[in-house]
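>>> I'd like to go over a predicted model; first the sequence, then the structure.
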Amino acid sequence: MTIQWFPGHMAKAKRQVTEKLKLIDVVLELVDARIPYSSRNPMIDEIVSGKPRVVLLNKADLADPVKTDDWIAYFNEQGILSLAINAHQKDDMKKIIAACKELTEEKFAKMRAKGIKNTRAIRALIIGIPNVGKSTLINRLANKTIAKTGDRPGVTTAQSWIKVGKEFELLDTPGILWPKFDDENVGYRLAVTGAIKENLLDFQDLAVFTLKFLIKEYPERLMERYQLEKLDVEIVELFDQIGKLRGCFMSGGLVDYDKTAELILRDLRSGKLGRITFEKPADILL
Ligand SMILES: Nc1nc2c(ncn2[C@@H]2O[C@H](COP(=O)(O)OP(=O)(O)OP(=O)(O)O)[C@@H](O)[C@H]2O)c(=O)[nH]1
């Protein structure tokens, strides 16, 4: 997984998704429930225009449930159906299929009214930015492991359908979209949640961003996890305290800030700092 999008890439990705859209009845737009704004493609409305769509707030198991509810209400207000899911959870698949049925009911009723007898299965496509859980969801819906092919430049692979019961089928390769790049905070949020390739990142920089965010939004969690008594100190002081507590030292006995930063990010990504969401609908101007 890399995120290196250039105008040429973007145009090609858009074309590939547009081609796939012609084949399907309903779009499953996957976003990261911890960053439902930053993990959406900026041109998504234009790209899927006219197709019924469900926004799936994936990795909801890692996100703050109160904020997830706010996001669902927000999408509702926009007239977009949305569901909180965990792509590893079998039970959540039923909710997705039920939502797809609801959204395509009218279209299929019209087909039946025209006398088309053997009504086919509902056809769906998963789309989303890198690392949002597309393959995991495909495998979960398919109930087996489907080889990860993605869209490679210049390679035309035949489209095939994965049957999920009698009434639903899924295109076996997802549509890959690019994230937003227009705002520094968006970049940080994508990076701390793991959407950007690790070797492109400065862990100390990301850990500073994370600590500042936690001080503001989840101070108790931070204090509890790292046994901190107060947070109104310099960030470097927090690094020192956390590094000492967790044994992140260099050979001379000084705190190793790189190791400490990695530890903070690992804790965040694995949910050890609790369920965290980085953005609220009220924070964004849409
Ligand atoms: N906790 C949690 N982890 C998830 C969930 N869905 C996916 N993941 C994890 O997120 C990581 C990325 O998932 P993938 O399915 O590879 O994502 P993708 O969108 O196919 O990624 P690309 O191939 O890079 O486009 C994996 O480590 C998954 O196990 C979820 O609902 N909850």
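Looks like it arrived, so ask away.

>>> Would you mind pulling the contact partners of stretch 80-88?
The contact list for stretch 80-88 (C-beta atoms under 8 Å, 6 or more residues apart in numbering) reads 30, 33, 53-61, 63, 65, 68, 71-72, 75-76, 92, 95-96, 99, 102-103, 133, 136-137, 140. C-betas here are computed from N, CA, C, even on glycine.

>>> Check the separation of the first and last residues in stretch 250-266.
One end of stretch 250-266 sits 19 Å from the other (C-alpha to C-alpha, to the nearest Å).

>>> pLDDT averaged over the longest helix along the chain - what is it?
Assignment by DSSP state H gives helix 90-113 as the longest helix of the chain. Here helix 90-113 scores 92 as its mean pLDDT.

>>> Use 24 as the first number from now on
Yes, from this point I'll number from 24; that puts the last item at helix 113-136.

>>> Past that helix, which element shows up next along the chain?
strand 145-151 (DSSP states H and E).

>>> Show me how far that next one is from its chain's centre.
Centroid separation between strand 145-151 and its chain, computed with C-alpha atoms, centre = their mean, to the nearest Å, is 15 Å.

>>> Go through the contacts of stretch 103-111 and flag which are in helices.
Using DSSP H, the members of those that fall in helices are 88, 91, 94-95, 98-99, 115, 118-119, 122, 125-126, 159-160, 163.

>>> Name only those of the residues you listed that count as buried.
With burial judged by 16 or more other C-beta atoms under 10 Å, the buried subset of the ones in helices among the contacts of stretch 103-111 is 91, 94, 95, 98, 115, 119, 122, 126, 160, 163.

>>> contacting residues around the longest helix of the chain?
Under the contact criterion C-beta under 8 Å, 6+ apart, helix 113-136 has outside partners 48-49, 51, 75-77, 79, 104, 106, 108-109, 142, 145, 147, 163-164, 187-188, 190-191.

>>> My understanding was that residue 61 contacts residue 207; is that so?
No: at 11.1 Å, residue 61 and residue 207 do not qualify as touching, with contact defined as C-beta atoms under 8 Å.

>>> can you pull the contacts of the residue of the stretch 174-309 of the chain found nearest the ligand?
The nearest approach of the stretch 174-309 of the chain to the ligand comes at residue 199, 5.6 Å away (C-beta to the nearest ligand atom). Contact analysis of residue 199 by C-beta under 8 Å, 6+ apart lists 36, 39, 40, 150, 151, 152, 153, 157, 173, 174.

>>> Quick check: beta-bridge partners of it?
Legend: beta-bridge partners of residue 199 under DSSP bridges are residue 151.

>>> so what pLDDT did it get?
For residue 199, the model assigns a pLDDT of 91.

>>> Please report how far it lies from residue 193.
15 Å (C-beta to C-beta, to the nearest Å).

>>> same deal with residue 285?
The gap separating residue 285 from residue 193 is 36 Å, by C-beta to C-beta.

>>> can you pull the contacts of the residue nearest in space to the middle of the chain?
The chain has residue 55 as the residue nearest its centroid, 2.4 Å off, counting by C-alpha atoms, centre = their mean. Residues near residue 55 by C-beta under 8 Å, 6+ apart: 61, 62, 80, 81, 82, 155, 156, 216, 218.

>>> cool, residue 303 as well?
For residue 303, the contact set (C-beta under 8 Å, 6+ apart) comprises 90, 93.

>>> Need the three-state assignment for the closest residue to residue 94 other than its chain neighbours.
The shortest distance from residue 94 to any non-neighbouring residue, by C-beta to C-beta, 6 or more residues apart in numbering, is to residue 59 (4.8 Å). For residue 59, the assignment made with DSSP: H, G, I helix; E, B strand; the rest coil gives coil.

>>> can the contacts of residue 55 go into TSV with extra columns for neighbour count and pLDDT?
Listed next are the contacts of residue 55 as TSV, based on neighbours: other C-beta atoms under 10 Å; pLDDT from 0 to 100:
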residue	neighbour count	pLDDT
61	23	95
62	29	96
80	25	98
81	29	98
82	27	97
155	30	95
156	22	95
216	24	94
218	20	86
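
>>> Reformat those as TSV; add distance to residue 234.
Putting the contacts of residue 55 into TSV (distance: C-beta to C-beta, whole Å) gives the following:
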residue	distance to residue 234
61	19
62	22
80	25
81	26
82	22
155	25
156	26
216	15
218	20
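
>>> Go through those and flag which are in strands.
Under the assignment DSSP state E, the contacts of residue 55 contribute 80, 81 to strands.
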